[in-house]
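>>> Here you go, sequence then predicted model.
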Amino acid sequence: EVLAEEVRAKTAATQDQKMAAEALDAFKARMEQERAAHKREVEALAAATDADKGAIMGDMAKVHEEKAVLEGQLRDEQERVRQLTGAKEGVEAALAADQEAAAAFKADTAGKMKKFAEGVRELKTAKEAAAASAAAQVADLSQGKLAVETELREERSARANDVAHLSAQREQLETALAAERAQSASLNEALAEARNLNISDASAIEGLKKDVGELRAQVVDWESAVELSGKEIEELKRARENDKEKTLMAFKKTKEETIKLLNGKVAVIQSLQADKKKLETEGAEAAERSATDAATLRADLADTRDRLERATGEVASLQQLNADKEGKIEGLENEKRNLIQVAMKAQESNLKLRAIYSRFKHPEELAKVVFGDISFKTTMVGRTKDGVMVKQGGQNTKKWASRHFVLNEVFLLYYASAGDKEPKGAVRMDQAVVERVDLDKLKQPNAIKVTNSDCREFFFACASEQERDEWIAVLSDPLQDSVSVQAQSANSRRASLTPGGNSTRTGSMNTEGGKRKTSLRPPSMFGGK
């Protein structure tokens with residue numbers, strides 16, 4: 001029983017040791033897996049850091065370009081603001097000049113209108129005074145005419161009375177003369193009778209002769225008086241006629257002078273009326289011109305104010321735009337500082353990753369870390385180019401072997417066959433120099449020489465000159481071609497997920513859909529975006 005107990009104890013101990021060994025192996029395997037996952041994460045982080053570094057540098061270049069563009073726009077806007085400010089000052093000066101001109105024109109127009117009103121009032125007063133004077137003169141002339149007519153009528157009446165009185169006196173004288181003549185005739189008859197009777201009385205005859213003589217003298221006196229009365233009458237008639245003619249001539253002359261004076265007054269009144277109409281027309285035209293000029297000035301003033309408001313609005317908008325751009329530039333400066341800090345961190349991470357990458361002596365080891373699996377099938381996914389070339393074997397220039405080449409990322413891997421799990425070798429093309437060489441002597445006319453960072457030379461030969469040129473083109477710039485091929489691969493994968501989507505393979509440059517085994521690997525860890 002003791003022996004059986006010891007056997008059971010040893011068996012349990014052996015089982016425990018076996019289980020512990022298995023647990024330790026499982027722990028080691030899990031640690032290896034975790035280490036590999038951590039390594040892949042670190043590598044993915046490094047690749048992402050490189051990608052972020054490239055993106056940050058690109059963004060910084062874009063930021064610098066945008067900053068330069070914004071600074072140019074800011075300068076242009078500042079120049080435009082200065083121009084608009086100058087234009088605004090010019091508009092304000094023109095507006096002030098227009099206002100001064102409008103005020104001067106208004107004052108001048110008001111003065112002219114005042115003078116015109118005063119002239120119209122003076123002209124009206126003068127016309128009224130002239131009309132009153134003419135009316136007074138006409139009234140005076142009418143009264144004078146009436147007085148002359150009255151005096152003429154009175155004179156005519158007096159002359160008629162005088163003529164009637166003289167006619168009566170003449171008739172009386174003629175009657176007395178007739179009586180005297182009759183008496184003289186009777187005396188003559190008596191004398192004759194006395195002579196016939198021979199009257200002897202001489203004294204009686206002498207007395208009779210004396211009486212006859214006296215009678216004759218009296219008759220002569222009476223005839224003289226009658227003649228004198230007739231002459232006086234004639235002279236009075238002639239004086240009356242002369243006075244009448246003089247009075248008529250004076251009346252005609254006065255009438256003519258009155259008519260001339262009235263005609264002159266009428267001409268003056270007509271001239272004053274014409275001047276008044278002319279002044280009224282000129283005043284209306286001046287008022288119309290003043291109204292038109294005032295309307296034009298108001299329209300110009302309104303237009304100038306509108307332009308000034310628009311210019312002020314544009315200046316305000318430009319100032320706001322300038323402030324926005326300054327804020328944007330400040331934000332870009334902050335972003336630039338942040339990007340510089342990120343770039344510095346990315347540079348530090350890049351240096352750390354380079355230190356990590358330097359630990360890998362062979363490119364295929366680093367490729368295995370990157371891809372996880374470097375079998376031919378895996379590296380064909382997302383490849384840049386693949387194809388068959390012949391490779392020189394080591395130092396033996398006569399030994400050339402056919403190899404399957406795959407360019408993926410910066411790794412050029414070559415396999416003995418398309419089903420190999422491991423490549424025969426690998427070259428990092430980001431650290432290599434590609435050139436065309438002439439190997440016609442070795443019967444390899446389309447040859448390529450690749451020199452890596454250790455100065456090791458690889459010689460490959462293609463089947464045609466076109467294929468050689470294609471390989472040289474993609475090997476000289478693997479990162480750029482890797483980016484374009486990754487984009488084509490993404491499009492191909494999207495196409496493969498749609499109904500009828502198929503992977504494509506054309507010529508020696510091929511793309512096909514699929515997924516990598518390592519999901520943590522970024523698009524490019526060597527600078528691709």
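Noted; the coordinates are in hand.

>>> use CA for all of it now, contacts and neighbours both
OK.

>>> And the pLDDT for the spatially most central residue of the chain?
Nearest to the geometric centre of the chain sits R307, at 7.0 Å (Cα atoms, centre = their mean). Per-residue pLDDT puts R307 at 81.

>>> Please apply the same query to the one 10 residues further on.
Among the per-residue scores, S317 holds a pLDDT of 82.

>>> What distance do you get for it to V148?
98 Å (Cα to Cα, to the nearest Å).

>>> Please say which of the two ends up with more neighbours.
For S317 versus V148, the count of surrounding residues by other Cα atoms under 10 Å is larger for V148: 17 against 13.

>>> Against N452, how distant is D440?
From D440 to N452 the distance is 23 Å (Cα to Cα).

>>> neighbour count winner among those two?
N452 (17 against 10).

>>> Below-threshold pLDDT in the stretch 301-450 of the chain: ranges please.
350, 353-354, 357-358 (pLDDT under 70).

>>> quick one, helices of it?
Here the stretch 301-450 of the chain has its helices, by DSSP state H, counting those that start in this stretch, at 363-371, 376-379.

>>> Tell me which of the ones you listed sits nearest to D76.
helix 363-371 (51.0 Å; Cα to Cα).

>>> about what we covered before: just put the helices of the stretch 301-450 of the chain in a markdown table and tack on distance to A355.
Below are those laid out as a markdown table (distance: least, Cα to Cα, whole Å):
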| stretch | distance to A355 |
| --- | --- |
| helix 363-371 | 13 |
| helix 376-379 | 25 |
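
>>> so which of those comes closest to E457?
Taking Cα to Cα as the criterion, E457 comes closest to helix 363-371 out of the helices of the stretch 301-450 of the chain, the separation being 14.8 Å.

>>> Which elements pack onto the closest one?
helix 2-197, strand 411-415, strand 425-428 (3 or more Cα pairs under 8 Å, 6 or more residues apart in numbering; DSSP states H and E).

>>> Could I get the buried residue list for the last one?
By neighbour count with 16 or more other Cα atoms under 10 Å, strand 425-428 contains the buried residues A426, V427, R428.

>>> Now that strand - C-alpha only, CSV.
Provided in CSV are the C-alpha atoms of strand 425-428 (Å, rounded to 0.1, in the frame of the first residue of the first chain):
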residue,chain,number,x,y,z
GLY,A,425,15.6,36.2,-50.4
ALA,A,426,14.5,39.8,-50.2
VAL,A,427,15.7,43.3,-51.0
ARG,A,428,14.5,46.6,-49.4
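
>>> Give me the residues contacting that strand.
H362, P363, E364, V410, F411, L412, L413, Y414, Y415, N452 (Cα atoms under 8 Å, 6 or more residues apart in numbering).

>>> Among the buried residues of strand 425-428, which one sits closest to S184?
Among the buried residues of strand 425-428, and counting by Cα to Cα, the member closest to S184 is R428, at 201.5 Å.

>>> Distance of the closest one relative to T258?
Counting by Cα to Cα - R428 and T258 are separated by 138 Å.

>>> for the helices and strands packed on helix 363-371, which one ends up most surrounded?
strand 411-415 (a mean of 24; mean count of other Cα atoms under 10 Å).

>>> Which strands or helices does that one pack on?
helix 363-371, strand 400-408, strand 425-428.

>>> That one pairs with which strands, and in what direction?
strand 400-408 (antiparallel), strand 425-428 (antiparallel) (DSSP bridges).

>>> quick one on the thing from earlier: okay, among the contacts of strand 425-428, which ones form the most distant pair?
Y415 and N452 (18.5 Å).

>>> can you tell me which residues contact K260?
Counting by Cα under 8 Å, 6+ apart, K260 touches no other residue.

>>> now the helix or strand hosting it: how far from the chain's centre is it?
Assigned by DSSP states H and E, K260 belongs to helix 202-357. Chain-centre distance of helix 202-357: 43 Å, with Cα atoms, centre = their mean, to the nearest Å.

>>> quick one on the thing from earlier: could you export the helices of the stretch 301-450 of the chain to a markdown table, including columns for mean neighbour count?
Listed next are the helices of the stretch 301-450 of the chain as a markdown table, based on neighbours: other Cα atoms under 10 Å:
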| stretch | mean neighbour count |
| --- | --- |
| helix 363-371 | 19 |
| helix 376-379 | 19 |
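
>>> Any idea which of these gets closest to A239?
Closest approach to A239 among the helices of the stretch 301-450 of the chain is made by helix 363-371 (165.6 Å; Cα to Cα).

>>> Now do that closest one: distance to the chain's middle.
That offset, for helix 363-371, works out to 69 Å (Cα atoms, centre = their mean).

>>> what does stretch 122-137 give?
From the chain centre to the centre of stretch 122-137 is a distance of 61 Å (Cα atoms, centre = their mean).

>>> Can you add distance to E435 and give the strands paired with strand 411-415 back as JSON lines?
Formatted as JSON lines, the strands paired with strand 411-415 follow (distance: least, Cα to Cα, whole Å):
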{"stretch": "strand 400-408", "distance to E435": "17"}
{"stretch": "strand 425-428", "distance to E435": "15"}
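
>>> out of these, nearest to L351?
strand 425-428 (18.3 Å).

>>> Centre of the chain to the closest one, how far?
For strand 425-428, the distance to the chain centre is 70 Å (Cα atoms, centre = their mean).

>>> Switch the helices and strands packed on helix 363-371 over to JSON lines; also include distance to A287.
Formatted as JSON lines, the helices and strands packed on helix 363-371 follow (distance: least, Cα to Cα, whole Å):
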{"stretch": "helix 2-197", "distance to A287": "8"}
{"stretch": "strand 411-415", "distance to A287": "97"}
{"stretch": "strand 425-428", "distance to A287": "98"}
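
>>> right, and the ones you listed - which one's nearest K345?
Nearest to K345 among those is helix 2-197; the distance by Cα to Cα comes to 8.9 Å.

>>> what helices or strands is that closest one leaning on?
By 3+ Cα pairs under 8 Å, 6+ apart, helix 2-197 packs against helix 202-357, helix 363-371.

>>> now, of these, which is deepest in the fold?
helix 363-371 (a mean of 19).

>>> circling back: so which of the helices and strands packed on helix 2-197 gets nearest R8?
Of these, nearest to R8 by Cα to Cα is helix 363-371, at 47.1 Å.

>>> Count the residues that sit near the residue lying closest to A461 once chain neighbours are set aside.
Closest residue to A461 apart from its sequence neighbours, by Cα to Cα, 6 or more residues apart in numbering: A447 at 4.1 Å. A count of neighbours around A447, defined by other Cα under 10 Å, yields 25.

>>> A447 against R436, yeah?
Yes. Here A447 reaches R436: they are 6.3 Å apart, a contact under Cα atoms under 8 Å.

>>> Would you mind measuring from the residue nearest to the centre of the chain to L187?
139 Å.

>>> can you check E465 too?
203 Å.

>>> ok, now which ones touch the residue lying closest to R383 once chain neighbours are set aside?
Nearest residue to R383 in three dimensions, chain neighbours excluded: N408, at 4.4 Å (Cα to Cα, 6+ apart). By Cα under 8 Å, 6+ apart, the residues touching N408 are T379, M380, G382, R383, T384, K385, S482.

>>> Perfect, I'm done here.
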